[in-house]
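Chemist: Generate a structure from the sequence data that follows.
(chains A and B)
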Amino acid sequence: MVEKLVKVVNRSGIHTRPAASIVKLASKFKSEIYLIRDKFAINGKSIIGVMTLAAEQGSEIKVRAEGPDEQEAVDEIVKLFESGFGEI
Amino acid sequence: MAPQEVIYGKTDYKLLKEQFVLKGIPSSAGIALGNAIVLQPESLISPSIKIPSEEISNELLKFEKAHTNLVHQFMQSLHKVRSLGSNVIAILETNLLILTDPILYDGIRNRIKDGFSVESAIVSEFDNQRKFFLNASDALLQERANEIDNIKRKLLASLKDQSIDYEKSQQSIVVAQALTTTDIVNFKEAGILAIITEVGGVTSHASILARSFDIPAVIGVHNATDVIKNGTELIVDGFAGIVVVKPKKDVRDVYLQKIEALEEHKRNLGALAKLPSETFDGKRISLLGNVNFLDDVRSGEINGADGYGLVRSENLVMELKGFPDEETQYKWYREICERAYPKPVTIRVFDLGSDKFVEGLPIKEFNPALGLRGIRFLLSRQDIFKAQLRALLRASVNKNLKIMLPMVTSLHEVEISRKILEKCKTELQQDSVLFDNRIALGVMIETPAAAIISDGLAKVADFFSIGTNDLTQYTLAADRNNELVSDIFDDFHPSVLRLIDFIIKTAHKNGVTVSICGELAGHAAATQLLIGMDVDELSVAPSLLLELKNRIRSLTYSEAKLIAEDILNSNDYFEVKTKLEKAIGRHSITELNEI
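Modeler: Residues are numbered from 1 along each chain as shown, chains lettered A, B, ... in the order given. From the prediction side, this is the model:
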């Protein structure tokens, strides 16, 4: 299992479009992927889950992956968060 | 009548008095006249219908087939919009991702395996997920709940092999309970005239798509599929948000004239309205419309405004001849924001003083321009200020509203205003009222004091807007309404230009954007100069937008920079004038502005 804490940096937070980017990326990996906020874990491959996180700018999310490509998955997803979903 | 007058004229409610008119929310601008095609809504399905265990595998197969077909259909419409830009693609992709969401997919399959019918399983799983969105403390997320509902309906229809015959809708007006984005893509292809739905918000993806396809739409029309009969003639006014059922001849004629005028406008200038506002060498400048009344948003829309840079809220006070209560204000602000969505709207809090006299102001001041006006008045009447801020916050749910403070001369005024704003937020939060928690608070720079301390103001304000009329009056100590000094009052005085230049430079150093909303913004001779000074946004009367865009698109930023630098080095107005004339290649700048 690999975990890493990441901050939402783009101004509008995780709204529909960033949520879609996360799910599309997460679905490329074989590992199970979770996004955890306030002890509430959601499936990173579910757009409904990711959208209901309603993470605003500045909120902290733990990215967790379990499976054969867990390291790569966490690295890539963290990179996506840090890039501000291309919205900065 | 000129086409512009026909389109910009206010909605004539007197004319509609004896007509059957349905009121909804204007969600996509435009006007259409045609016959209705009514799509009957699905009847309710109970989420708990059981099936015998031997039918489970057959039920699972039925689900697989319907699901695969719908996924295929969604992918096809995604393919159709490939050329339409990332915004439209992202919307359709989200729909596909919801349909293929593993939680939903597995949930439905598991429920069928537990012995429920496929219809029941779909209804219960979709409704389960929808709850999370409905309970969200965010208006945009709540809107997604409707989207999940629409996809559910689509899946149920796919189960019955009930697909909409899109071709039949050519040249008609579609009336439906709700539509998915896929429906809209297909309807557009078939050539429908307009859309009427019972549910949905202006922030819904279906609305956004209708706007990008230029299909007039009125949404939130209660019982539309029940009240409107198939084949009835309708007028859809996507500007005012109304539907006229079986229009009489006089109403029909007025609207036919409007449609004709709109088409003429599209032929002449419409192309320009859709083009981006950027210089020949690619520098973008946002072009915004000033709003005095609701209908100004319509003319802004027709003329391709990127947003609305100055809503003069005091017009509401003057129209009502007194201070409107929170509820009245909320409705007005909300309507402006919804008509403009997703474009941003900057609303200036009441800019009242004794030159705009209203009940409740000090009777008479010897020198009103230097008196209790703008933010000074509001801070002296915090009851009025608070009601306005609460109304603005409530209208900000769709996150396209910004608040602007007029007549600021100190950081203190901004800090107190922000404190009051925060207090209003806390109150609303306690009452579970939704609003945009990150709402931007900006200031107007219209006094030399504000200009000179703009570095400090940039740290407490989220954006600047320069009001050139007052800035000129205060800098030159010349009353803008006094004819005896009208030759001294001049926006092109080097002192005013240098102040503007200083404000823009300071703002950019501090990461704050600057718009100009005074007369200078629309002055034909000033465009090149202001762009050379790196202004981010220009806000003008909607009727000036296209001319302004035309000028911007024909000049180059690199040349504008050189000219601005040269002009800022002038010492008096005559030198500025000579240089401007040379740069523009015309004889007189006054003459130019009259074109």
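
Chemist: And for residue B:66, the neighbour number?
Modeler: Number of residues near residue B:66 (other Cβ atoms under 10 Å in any protein chain shown) recorded here: 20. The way it works is simple: take the backbone N, C-alpha and C, and place the C-beta from them, glycine included.

Chemist: Revised request: answer the last question for residue B:176.
Modeler: 25.

Chemist: Now it, what are its backbone angles?
Modeler: The phi and psi values for residue B:176, taken as degrees, to the nearest 10, are phi -140, psi 160.

Chemist: how far away is the closest residue to it other than its chain neighbours from residue B:119?
Modeler: In space, and not counting its chain neighbours, residue B:176 is closest to residue B:39: 4.2 Å by Cβ to Cβ, 6 or more residues apart in numbering or on different chains. To residue B:119, residue B:39 is 19 Å away according to Cβ to Cβ, to the nearest Å.

Chemist: Neighbour count: those two, which is higher?
Modeler: Higher neighbour count among residue B:39 and residue B:119: residue B:119, with 20 against 17, using other Cβ under 10 Å.

Chemist: what residues are up against whichever residue of chain A sits closest to chain B?
Modeler: At 4.1 Å from chain B, residue A:47 is the closest residue in chain A, using Cβ to the nearest Cβ. Listed by Cβ atoms under 8 Å, 6 or more residues apart in numbering or on different chains, the contact partners of residue A:47 are A:19-20, A:23, B:94, B:97-98, B:101.

Chemist: Enumerate the residues of chain A near chain B.
Modeler: Residues of chain A found near chain B (Cβ under 8 Å from any Cβ of the partner chain) are A:11-12, A:15-17, A:19-20, A:23-24, A:43, A:45-49, A:51-52, A:54, A:56-57.

Chemist: Now the helix or strand hosting residue B:331: buried residues?
Modeler: Here residue B:331 sits within helix B:326-340, counting by DSSP states H and E. Neighbour-count burial for helix B:326-340 flags B:329-330, B:332-340 (criterion: 16 or more other Cβ atoms under 10 Å in any protein chain shown).

Chemist: Run the chain-centre distance for that helix.
Modeler: Centroid separation for helix B:326-340 versus its chain: 12 Å, with Cα atoms, centre = their mean, to the nearest Å.

Chemist: Tell me the first helix or strand C-terminal of it.
Modeler: Following helix B:326-340 in sequence, per DSSP H and E, is strand B:345-348.

Chemist: which helices and strands sit right next to that following strand?
Modeler: Under the contact definition 3 or more Cβ pairs under 8 Å, 6 or more residues apart in numbering or on different chains; DSSP states H and E, strand B:345-348 sits against strand B:307-312, helix B:326-340, strand B:401-405.

Chemist: buried sites along the helix or strand hosting residue B:253?
Modeler: Element membership of residue B:253 [criterion: DSSP H and E] is helix B:249-265. Residues B:251, B:254-255, B:258-259, B:261-262, B:264-265 are the ones in helix B:249-265 that count as buried (16+ other Cβ under 10 Å).

Chemist: Report the contact partners of residue B:388.
Modeler: B:313, B:326, B:329, B:349-350, B:378.

Chemist: List just the nearest of those residues to chain A.
Modeler: Nearest to chain A among the contacts of residue B:388, with distances taken as Cβ to the nearest Cβ, is residue B:349, at 23.4 Å.

Chemist: that older thread, give me the distance between the residue of chain A closest to chain B and residue B:208.
Modeler: For residue A:47, the distance to residue B:208 - Cβ to Cβ - is 17 Å.

Chemist: now do residue B:443
Modeler: Using Cβ to Cβ, one obtains 31 Å as the distance from residue B:443 to residue B:208.

Chemist: Could you do residue B:168 as well?
Modeler: 25 Å.

Chemist: mind listing what residue B:409 touches?
Modeler: When contacts are counted by Cβ under 8 Å, 6+ apart, residue B:409 touches B:447, B:449-450.

Chemist: ok so, going back, more crowded one of residue B:443 and residue B:208?
Modeler: Neighbour comparison, residue B:443 and residue B:208: the larger count goes to residue B:443, with 27 against 20 (by other Cβ under 10 Å).

Chemist: Would you agree the more buried one falls within a strand?
Modeler: Yes - secondary structure assignment places residue B:443 in a strand (DSSP: H, G, I helix; E, B strand; the rest coil).

Chemist: That one and residue B:456 touch, don't they?
Modeler: No - checked against Cβ atoms under 8 Å, the pair residue B:443 and residue B:456 is beyond contact range at 10.9 Å.

Chemist: count of neighbours near the closest residue in space to residue B:80 that isn't next to it in sequence?
Modeler: Counting by Cβ to Cβ, 6+ apart, residue B:80 lies nearest to residue B:185, which is 5.6 Å off, once chain neighbours are set aside. Residues within reach of residue B:185, counting by other Cβ under 10 Å, total 23.

Chemist: If we ignore the residues flanking it in sequence, what's nearest the residue in chain B that chain A sits nearest to?
Modeler: When scored by Cβ to the nearest Cβ, chain B has residue B:97 as its residue closest to chain A, at 4.1 Å. Nearest residue to residue B:97 in three dimensions, chain neighbours excluded: residue A:47, at 4.1 Å (Cβ to Cβ, 6+ apart).

Chemist: How much space separates the one you found from residue A:27?
Modeler: 10 Å.

Chemist: Also residue B:89?
Modeler: 17 Å.

Chemist: for residue B:417, same thing?
Modeler: For residue B:417, the distance to residue A:27 - Cβ to Cβ - is 46 Å.

Chemist: More neighbours: the two, which one.
Modeler: Each of residue B:417 and residue A:27 has its neighbours counted (other Cβ under 10 Å); residue B:417 has more, 23 against 15.

Chemist: which helix is the longest one in chain A?
Modeler: Ranked by number of residues, the top helix in chain A under DSSP state H is helix A:70-82.

Chemist: Remind me what that helix packs against, helices and strands.
Modeler: If you count contacts as 3+ Cβ pairs under 8 Å, 6+ apart, helix A:70-82 packs onto strand A:2-7, helix A:16-26, strand A:60-66.

Chemist: Please pick out the residue of the chain most distant from its centre.
Modeler: Looking at chain A here, since you left the chain open. In terms of distance from the mean C-alpha position of chain A, residue A:68 ranks first, at 18.1 Å (Cα atoms, centre = their mean).

Chemist: circling back: just flag the most distant two among the contacts of residue B:388.
Modeler: B:326 and B:378 (14.6 Å; Cβ to Cβ).

Chemist: which residue sits closest to residue A:17, ignoring its sequence neighbours?
Modeler: That would be residue B:90: by Cβ to Cβ, 6+ apart, it lies 5.0 Å from residue A:17.

Chemist: Enumerate every residue touching that neighbour.
Modeler: Residues in contact with residue B:90, defined by Cβ under 8 Å, 6+ apart, are A:16-17, A:20.

Chemist: The same query, at a cut-off of 10 Å, please.
Modeler: A:16-17, A:20-21, B:205 (Cβ atoms under 10 Å, 6 or more residues apart in numbering or on different chains).

Chemist: Can you read off the pLDDT for it?
Modeler: What the model reports as pLDDT for residue B:90 is 82.

Chemist: element containing it?
Modeler: Judged by DSSP H and E, residue B:90 forms part of helix B:86-99.

Chemist: Next, the contact list for residue B:32, please.
Modeler: B:171-173, B:192-195, B:215-217, B:234-238, B:255, B:259.

Chemist: Restricted to buried residues, select those residues in ChimeraX.
Modeler: Buried residues among the contacts of residue B:32 (16+ other Cβ under 10 Å), as a ChimeraX selection:
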select /B:172,173,192,193,194,195,215,216,217,234,235,236,237,238,255,259
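
Chemist: In strands, which of the contacts of residue B:32 fall?
Modeler: Among those, the members falling in strands are B:172-173, B:194-195, B:217, B:234-237 (criterion: DSSP state E).

Chemist: low-scoring pLDDT stretches of the stretch 101-250 of chain B, where are they?
Modeler: The stretch 101-250 of chain B contains residues with pLDDT under 70 at B:161-163.
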